[in-house]
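S.K.: Sharing a model that was predicted from the sequence below.
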Amino acid sequence: MRQPRVVPVVSILASALVMGCTPSPAPSAETPSDQTPPQNSPCTPLETRAANAAGQRPAFPGQTRACGIRSDVAFDVQVVARGLERPWAVEPLPDGALLVTEKPGRMRIVSAAGQVGPPIAGVPSVDARGQGGLLDVALSPGFAADRTLYWSFTEPREGGNGTSVARGVLSPDGTRLDQVRVILRTRPTYANNMHFGSRLAFGPDGMLYVTMGERSALETRPQAQQLDSHLGKTLRIQPDGSPAPGNPFVGRPGALPEIWSLGHRNIQSATFDPQGRFWIVEHGPRGGDEVNLMEKGKNYGWPVVTYGVEYSGSAIQDAVTQRAGFEQPVYYWDPVIAPSGAEFYTGQAFPAWRGSLFVGGLASRRLVRLQIENERVTGEEHLLVDRGQRIRDVRQGPDGALYVVTDGANGELWRIAPRG
């Protein structure tokens with residue numbers, strides 16, 4: 001595959017042996033309220049700030065503030081393109097080009113050489129107020145033959161807006177979308193413009209998994225626990241938008257048949273690991289960003305179970321950190337990283353990173369690498385910190401490189417490739 005033209009190249013060397021460390025010991029009465037391991041801990045976490053939710057305890061060792069690790073990897077960061085307006089998602093195409101969505105409502109193709117194409121025609125109008133806009137994009141599993149794209153967006157509706165999913169066929173020259181159809185509309189519709197989600201991921205079963213936010217308002221927050229609402233859920237649908245066979249609540253009176261899991265706040269990452277398991281990363285409130293391993297029909301707690309507090313610093317009413325019948329996150333951050341797109345690395349370009357989960361950080365302005373073993377986080381590394389950019393999405397390309405888009409009015413597309 002052709003290598004992209006560098007515009008320019010900034011080299012970053014991440015060198016050092018992976019530090020030998022073990023997860024934090026189980027919490028005890030002596031564990032500080034900021035959740036930092038004691039001084040005699042065999043591991044040094046990267047996070048040293050006091051937690052926002054003082055006094056909370058993790059449910060098991062290593063659930064937060066995992067060992068800080070550094071990988072013996074040398075890489076270059078190549079600026080492939082500039083001038084993207086609030087890019088939200090990047091999706092590598094089979095020919096080496098990159099499909100990019102921009103929040104105001106545009107979809108573009110950036111060539112492997114860095115040429116930014118014009119907006120693709122045929123994209124439905126979006127409501128880009130607040131956190132809304134043109135959001136994620138995913139290729140059909142059969143894209144090489146059918147050229148079908150799926151995307152999520154904030155759709156203007158009577159009385160407000162809502163997250164919707166559409167599909168369309170990309171023309172052979174990449175300039176337009178044909179046969180465009182909205183295949184899913186979340187229910188209900190609201191006027192506020194926060195917490196739409198949304199990520200799309202095709203699973204090994206060929207079904208499309210869709211993540212939804214709970215809209216952030218006090219009146220909508222409880223709907224994350226209600227089966228008659230799509231808000232605060234993950235959904236599983238067939239490629240035509242109909243509920244997928246085997247969904248857990250099909251046939252239950254009053255339940256929406258697309259629902260796969262419930263109890264989520266604002267899911268900004270969705271990806272499958274090499275074993276075919278579904279993972280999501282979601283924004284917590286003040287404290288409590290979560291990494292969750294998803295299971296059919298399970299309840300992940302929000303807003304009654306959370307590792308976080310209100311933005312005011314007060315406790316979330318009637319919430320606890322553990323409760324019978326609710327799932328615990330595999331990992332959480334407090335203070336938060338404000339996660340965005342995520343990807344498990346499976347390529348050949350970086351053998352040391354194979355199996356790692358990469359998560360974009362918005363407020364934290366970094367790319368986070370999580371080392372995961374036996375469904376537990378055993379190490380955390382922070383990359384690209386010196387660049388100070390909000391990382392909106394990260395994807396692995398066919399060439400084994402990682403592609404990143406930065407969130408900003410003059411957003412950039414980066415390629416992370418082995419040095420030399």
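M.R.: Perfect, thanks for sending it.

S.K.: mind listing what's buried in stretch 140-156?
M.R.: Neighbour-count burial for stretch 140-156, counted by 16 or more other C-beta atoms under 10 Å, picks out 140-141, 143, 147-156. Where you see a C-beta, it was placed from the backbone N, CA and C, and this is true even at glycine.

S.K.: In strands, which of the residues you listed appear?
M.R.: Among the buried residues of stretch 140-156, DSSP state E puts T148, L149, Y150, W151, S152, F153, T154, E155, P156 in strands.

S.K.: ranges for the helices of the stretch 51-200 of the chain?
M.R.: Along the stretch 51-200 of the chain, counting by DSSP state H, counting those that start in this stretch, helices occupy 143-146.

S.K.: I'd assumed E282 was in a strand, is it?
M.R.: Yes. The assignment for E282 (DSSP: H, G, I helix; E, B strand; the rest coil) places it in a strand.

S.K.: Do I have it right that it meets N266?
M.R.: Yes. Between E282 and N266 there is a contact under C-beta atoms under 8 Å: 5.9 Å.

S.K.: Could you check which of the two has the larger neighbour count?
M.R.: Set side by side, E282 and N266 give different neighbour counts by other C-beta atoms under 10 Å, the larger being at E282 (28 against 25).

S.K.: Please name the nearest non-neighbouring residue to that one.
M.R.: Computed as C-beta to C-beta, 6 or more residues apart in numbering, the closest residue to E282 that is not its neighbour in sequence is I267, at 4.4 Å.

S.K.: list the contacts for the one you found?
M.R.: G197, S198, R199, T211, M212, G213, T234, I280, V281, E282, H283 (C-beta atoms under 8 Å, 6 or more residues apart in numbering).

S.K.: Okay, and the beta partners of the fourth one?
M.R.: For T211, the beta-bridge partners are T234 (DSSP bridges).

S.K.: Just want to check the distance between the residue nearest the centre of the chain and T163.
M.R.: Geometric centre of the chain, nearest residue: S269, 1.4 Å, by C-alpha atoms, centre = their mean. To T163, S269 is 15 Å away according to C-beta to C-beta, to the nearest Å.

S.K.: before we move on, what about S152?
M.R.: 6 Å.

S.K.: which residues are common contacts for these two?
M.R.: L135, G197, S198.

S.K.: Least confident of those residues?
M.R.: Least confident entry in these, by pLDDT: G197, with 88.

S.K.: Tell me how many other residues crowd N410.
M.R.: 10.

S.K.: circling back: I figured the residue nearest to the centre of the chain hits F344, correct?
M.R.: No. S269 lies out of contact with F344 (C-beta under 8 Å); the separation is 10.8 Å.

S.K.: what sits in contact with each of these two?
M.R.: With contacts defined as C-beta under 8 Å, 6+ apart, the residues shared by S269 and F344 are W279.

S.K.: quick one: contacts for G197?
M.R.: Here G197 is in contact with L135, S152, T163, V210, T211, M212, G213, N266, I267, Q268 (C-beta under 8 Å, 6+ apart).

S.K.: Spell out, range by range, the strands that occur in the stretch 51-200 of the chain.
M.R.: Under the criterion DSSP state E, counting those that start in this stretch, strands of the stretch 51-200 of the chain are mapped to 73-84, 87-92, 98-102, 106-110, 134-139, 148-157, 160-170, 177-185, 200-202.

S.K.: err, the stretch 201-350 of the chain, not the other one
M.R.: Here the stretch 201-350 of the chain has its strands, by DSSP E, counting those that start in this stretch, at 208-211, 233-237, 259-262, 266-272, 278-283, 289-293, 331-333, 339-344.

S.K.: Quick one: list the elements packing against the third one.
M.R.: Read that as strand 259-262. With contacts defined as 3 or more C-beta pairs under 8 Å, 6 or more residues apart in numbering; DSSP states H and E, strand 259-262 has these neighbours: strand 233-237.

S.K.: So which residues make contact with the strand it packs on?
M.R.: By C-beta under 8 Å, 6+ apart, the list of residues contacting strand 233-237 from outside reads 165, 183-184, 203, 207-212, 224, 243-244, 247, 258-262, 264, 267, 270, 278, 280, 294.

S.K.: Read off the pLDDT value for P25.
M.R.: So P25 comes in at 34 (pLDDT).

S.K.: no, scratch that, I was asking about P4
M.R.: Reported pLDDT for P4: 33.

S.K.: next one: E30
M.R.: 29.

S.K.: and what of P188?
M.R.: In this prediction, P188 carries a pLDDT score of 87.

S.K.: Equivalent analysis for G20, please.
M.R.: Looking at G20, its pLDDT is 31.

S.K.: Show me what E290 is bridged to.
M.R.: E282, Y332.

S.K.: isn't it right up against Y332?
M.R.: Yes. Between E290 and Y332 there is a contact under C-beta under 8 Å: 5.0 Å.

S.K.: so how many other residues sit close to the residue lying closest to G397 once chain neighbours are set aside?
M.R.: Spatial nearest neighbour of G397, excluding adjacent residues (C-beta to C-beta, 6+ apart): P92 at 4.0 Å. P92 has 20 neighbours, counted by other C-beta under 10 Å.

S.K.: Ok, the one 3 residues further on next?
M.R.: When neighbours are counted by other C-beta under 10 Å, D95 registers 13.

S.K.: that older thread, and the residue nearest to G397, how far from V80?
M.R.: Counting by C-beta to C-beta - P92 and V80 are separated by 11 Å.

S.K.: returning to that earlier point: now flag whichever of the contacts of I267 is closest to V377.
M.R.: Closest approach between the contacts of I267 and V377, by C-beta to C-beta: V281, at 11.6 Å.

S.K.: Let me know the distance separating the closest residue in space to the closest one that isn't next to it in sequence from Q328.
M.R.: Nearest residue to V281 in three dimensions, chain neighbours excluded: S269, at 3.7 Å (C-beta to C-beta, 6+ apart). According to C-beta to C-beta, S269 stands 18 Å off from Q328.

S.K.: With Q322 instead?
M.R.: Here the criterion is C-beta to C-beta. By it, Q322 lies 7 Å from Q328.

S.K.: Which of these two has more residues huddled nearby?
M.R.: Between Q322 and Q328, Q328 has the larger neighbour count (other C-beta under 10 Å), namely 19 against 13.

S.K.: Not counting sequence-adjacent ones, nearest residue to that one?
M.R.: A59 (4.8 Å).

S.K.: same thing with G276?
M.R.: According to C-beta to C-beta, 6+ apart, the nearest residue to G276 is P204 (4.3 Å).
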